[in-house]
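Colleague: Let's see this in three dimensions:
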Amino acid sequence: MTPLRLPRAKPAVTLDEIRPELARIGRRHALHRGLSLGGLALLTGCDLSTHSGVDAALWAMLRFDDWVQAALFSRTRLAQTYPASAVTRPFRFNAYYAEWQVRETPPGWQLAVGGRVADKTPWSVDRLRQLPQAAQVTRHICIEGWSQIGQWSGVPLHVFLRRVGADLRARYVSFACFDGYSTSIDMPSALHPQTILALDFVGRPLAPEWGAPVRLRIPTKLGFKSAKNLQAITVTDTYPGGYWENQGYDWFSGS
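Modeller: Residues are numbered from 1 along each chain as shown. As a prediction, the model looks like this:
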């Protein structure tokens, strides 16, 4: 099902809760009053009397939103966890375009690693299972407006990145999938303790619809960032974008 462009989910924190942090990043006045289109025009130099001007202003708003979310992000703030009894059953299957239903893992699949890493040797599932594992019961929040709770386990991404000798000073980690999907996240989000390369769902190896053989699971972001059916991971300083991000979705997309 193609995600609908519905209003974003209610923020996890209130303005009063984050006001001190906003003050520390020096933009308290802008967020306290809000950015009108007129104010945005002054900041961006956009002519809002034209469609192109409005589009440019909206893109500037998205970039500013990304900047604020990144500034407020904390690797010590965890997404809420739940008991196993809270897992949603049946767990909803979702895909990024209507024609795709279930894509089987390609023969001879291995997870490729590229970019700013020391060891670019591909990884099999068996090899990934030899790394330290972590489990979580967390909420998957879809940009369409629905949410559900799932139980995942796999390799913490920070463990994997350190194992391959990734440059942790790089800005981005991008993910390409064998069904054509892609997304990317910032390095601090990649190093968050709840960001994992999931291998199992509800105690069993991932089925194709849940992202077999490996998927990204990142509960601090909206669901479309948790890419399924991974084929390659790249560490880079060049902005990589993503399938939905390139069509106007908020790149940071904190949940």
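Colleague: which residues sit in contact with V113?
Modeller: Contact analysis of V113 by CB atoms under 8 Å, 6 or more residues apart in numbering lists D119, K120, T121, P122, W123, V164, A232, I233, T234. C-beta: built from backbone N, CA, C; applies to glycine.
Colleague: Select from these the one having the most neighbours.
Modeller: Ranked by the number of neighbours (other CB atoms under 10 Å), the contacts of V113 place I233 first, at 26 neighbours.
Colleague: and the host helix or strand of it, what other elements does it pack with?
Modeller: Assigned by DSSP states H and E, I233 belongs to strand 230-236. Counting contacts by 3 or more CB pairs under 8 Å, 6 or more residues apart in numbering; DSSP states H and E, strand 230-236 is packed against strand 112-115, strand 172-177.
Colleague: what residues does it touch?
Modeller: With CB under 8 Å, 6+ apart as the test, strand 230-236 has contacts from 109, 111-117, 160-161, 166-167, 170-178, 197, 211, 213-216, 240.
Colleague: then it to PDB, C-alphas only?
Modeller: Only the C-alpha atoms of strand 230-236 are listed here, as PDB (Å, rounded to 0.1, in the frame of the first residue of the first chain):
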ATOM      1  CA  LEU A 230      18.400  -4.800   3.100                       C
ATOM      2  CA  GLN A 231      21.000  -5.300   0.300                       C
ATOM      3  CA  ALA A 232      23.600  -2.700   1.200                       C
ATOM      4  CA  ILE A 233      24.700  -0.300   3.900                       C
ATOM      5  CA  THR A 234      26.900   2.700   3.000                       C
ATOM      6  CA  VAL A 235      28.600   5.200   5.400                       C
ATOM      7  CA  THR A 236      29.000   8.500   3.700                       C
END
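Colleague: now the angle between strand 172-177 and that strand, please.
Modeller: 160 degrees (axes from the mean of the first three to the mean of the last three CA atoms, to 10 degrees).
Colleague: What ranges does the stretch 151-255 of the chain have for its strands?
Modeller: Here the stretch 151-255 of the chain has its strands, by DSSP state E, counting those that start in this stretch, at 172-177, 182-186, 196-201, 204-205, 215-217, 230-236.
Colleague: Deepest in the core, which of the ones you listed is it.
Modeller: Comparing the strands of the stretch 151-255 of the chain by mean neighbour count (mean count of other CB atoms under 10 Å), strand 215-217 comes out on top with a mean of 25.
Colleague: Make sure P240 is actually in contact with D186.
Modeller: No: applying CB atoms under 8 Å, one finds P240 not in contact with D186, separated by 10.8 Å.
Colleague: Residues that sit against both of these two, list them.
Modeller: Residues touching both P240 and D186 (CB under 8 Å, 6+ apart): Y172.
Colleague: Which segments of this protein make up each domain?
Modeller: 15-72, 84-247 (automatic domain parsing).
Colleague: Just tell me which of those ends up closest to G254.
Modeller: Of all the domains of the chain, it is domain 15-72 that lies closest to G254, at 4.8 Å by CB to CB.
Colleague: for the record, mean pLDDT for the closest one?
Modeller: Confidence for domain 15-72, expressed as mean pLDDT, is 47.
Colleague: and E245, how many neighbours?
Modeller: Look at E245: counted by other CB under 10 Å, it has 21 neighbours.
Colleague: How about it, nearest residue that isn't a chain neighbour?
Modeller: The shortest distance from E245 to any non-neighbouring residue, by CB to CB, 6 or more residues apart in numbering, is to W251 (4.8 Å).
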